[in-house]
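Q: Sharing a model that was predicted from the sequence below.
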Amino acid sequence: MCSNHRFRWVFAILLMLGLQGLAGAGVMLGGTRVILGEKDREASIPVKNTGTSPYVVQSWIDAGEGKNKTPLLVTPPLSRLDPGMENILRIMRVQGDLPTDRESVFWLNVKEIPEKSKEENVLQIAVRSRIKLFYRPSKLVGKSDESRGQLKWAVSAGAEGQGAVLKVGNPTPYHVTFTALNINSGQQLINADMVPPFGETSYPLTAVKAPQAIQVNYTTLNDYGGETPEERVQVPSGAEPVAVKAELVPPPAPSADGAKR
């Protein structure tokens, strides 16, 4: 009994501290992704302090957790940001080779570090934001907003012939980022992410127990971080993904109440 009571008491304190930390987060990025073109001198993104206290803002770029060596640089790497003020982060290409036939993806990290509290026994949390940063060569074939329509699809057997997986192939030089994959009108929702250029991604299926045709509804993110119109494809079963023509999903009909209004 004492142990359970102590656990609940500690959990309540940690929850309160966590909520206070979230409430105190005040540094906001002015976008959800950054694209640096090969011919661009730099790319930029605003960062603003919407809180009531000053922060030290630390910024850096990585190629994945633990991979901090990249041919890109963000400046300023460290700066002070007072309440209500805005600063501009600038991303530039430095020395280092990158593929010229496809996009490369990195991550821009921005950490807000609060000033030291004058009060004792105060827990302060440094909050980090992390968004995708794409380096885009200038002579890529096609357009980024057309890449989702060129995806290839298949439902294949899972590992050791058990179950089924959804395979999505990307024959384009651009990353395609899903917001979600809706299988058979809600039988399964897959929290999908990116399909890399000239690559393939597999997602385990629970909606079906063996390879068979399915319907997939999906949306993607455009260059500005906005969601594209919903589309659907009829995915066949097969060992390798094949081109399937997508069709737009018509918007839902207005309800009776909506029609009256």
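A: Noted; the coordinates are in hand. Just so you know, these numbers come straight off a predicted model, no measurement behind them.
Q: Please read off the pLDDT at Leu19 from the model.
A: We note a pLDDT of 39 for Leu19 in this prediction.
Q: ok, now Ala256?
A: pLDDT, read off for Ala256, is 66.
Q: Same question for Ile13.
A: 41.
Q: Flag the shaky bits of the chain, pLDDT-wise.
A: 1-25, 117-124, 255-261 (pLDDT under 70).
Q: Would you map out the domains in it?
A: 25-136, 144-248 (automatic domain parsing).
Q: For Val168, see how far away Gly149 is.
A: As judged by C-beta to C-beta, to the nearest Å, Gly149 and Val168 stand 13 Å apart. Using the backbone N, CA and C atoms, a C-beta is placed for each residue, glycine as well.
Q: okay, these two: which has more neighbours?
A: With neighbours defined as other C-beta atoms under 10 Å, Gly149 and Val168 compare such that Val168 has more, 23 against 15.
Q: Buried residues in the helix or strand hosting that one, which are they?
A: Here Val168 sits within strand 164-170, counting by DSSP states H and E. Using 16 or more other C-beta atoms under 10 Å as the test for burial, strand 164-170 gives 164-170.
Q: Send me the helix or strand that that strand is followed by as CSV with only the CA atoms.
A: Remark: after strand 164-170, the chain's next helix or strand is strand 176-183, criterion DSSP H and E. Only the C-alpha atoms of strand 176-183 are listed here, as CSV (Å, rounded to 0.1, in the frame of the first residue of the first chain):
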residue,chain,number,x,y,z
VAL,A,176,7.9,11.5,-50.6
THR,A,177,6.6,12.1,-47.1
PHE,A,178,3.3,10.5,-46.1
THR,A,179,1.0,11.9,-43.4
ALA,A,180,-0.7,8.5,-43.0
LEU,A,181,-1.8,5.4,-44.9
ASN,A,182,-5.4,4.3,-44.6
ILE,A,183,-5.9,0.6,-45.5
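Q: Mind giving me the packing neighbours of strand 176-183?
A: strand 164-170, strand 188-190, strand 194-195, strand 214-220 (3 or more C-beta pairs under 8 Å, 6 or more residues apart in numbering; DSSP states H and E).
Q: same thing but at 7 Å, please
A: In this structure, strand 176-183 packs against strand 188-190, strand 194-195, strand 214-220, with contacts taken as 3 or more C-beta pairs under 7 Å, 6 or more residues apart in numbering; DSSP states H and E.
Q: Mind checking these for the one nearest to Pro76?
A: Among those, the nearest to Pro76 by C-beta to C-beta is strand 194-195 (28.7 Å).
Q: Tell me the buried residues in stretch 211-231?
A: 211, 214, 216-221, 228, 230-231.
Q: And these, which is closest to Val74?
A: Leu221 (21.6 Å).
Q: what is the closest one paired to in the beta sheet?
A: With DSSP bridges as the criterion, Leu221 is bridged to Glu227.
Q: go on, Leu133?
A: According to DSSP bridges, beta-bridge pairing links Leu133 with Val34, Phe106.
Q: re earlier: quick one: closest of the helices and strands packed on strand 176-183 to Asn182.
A: Going by C-beta to C-beta, the one of these nearest Asn182 is strand 214-220, 4.0 Å.
Q: I'd like the domains of the chain as a markdown table, with distance to Pro254 appended.
A: A markdown table is the format used below for the domains of the chain (distance: least, C-beta to C-beta, whole Å):
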| stretch | distance to Pro254 |
| --- | --- |
| domain 25-136 | 30 |
| domain 144-248 | 17 |
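Q: show me where the stretch 1-150 of the chain has helices.
A: Ranges of helices in the stretch 1-150 of the chain, per DSSP state H, counting those that start in this stretch, are 2-24.
Q: Strands along that one, start to end?
A: Using DSSP state E, counting those that start in this stretch, the strands of the stretch 1-150 of the chain run over 27-29, 33-37, 43-49, 55-62, 72-75, 78-81, 86-93, 104-114, 127-136.
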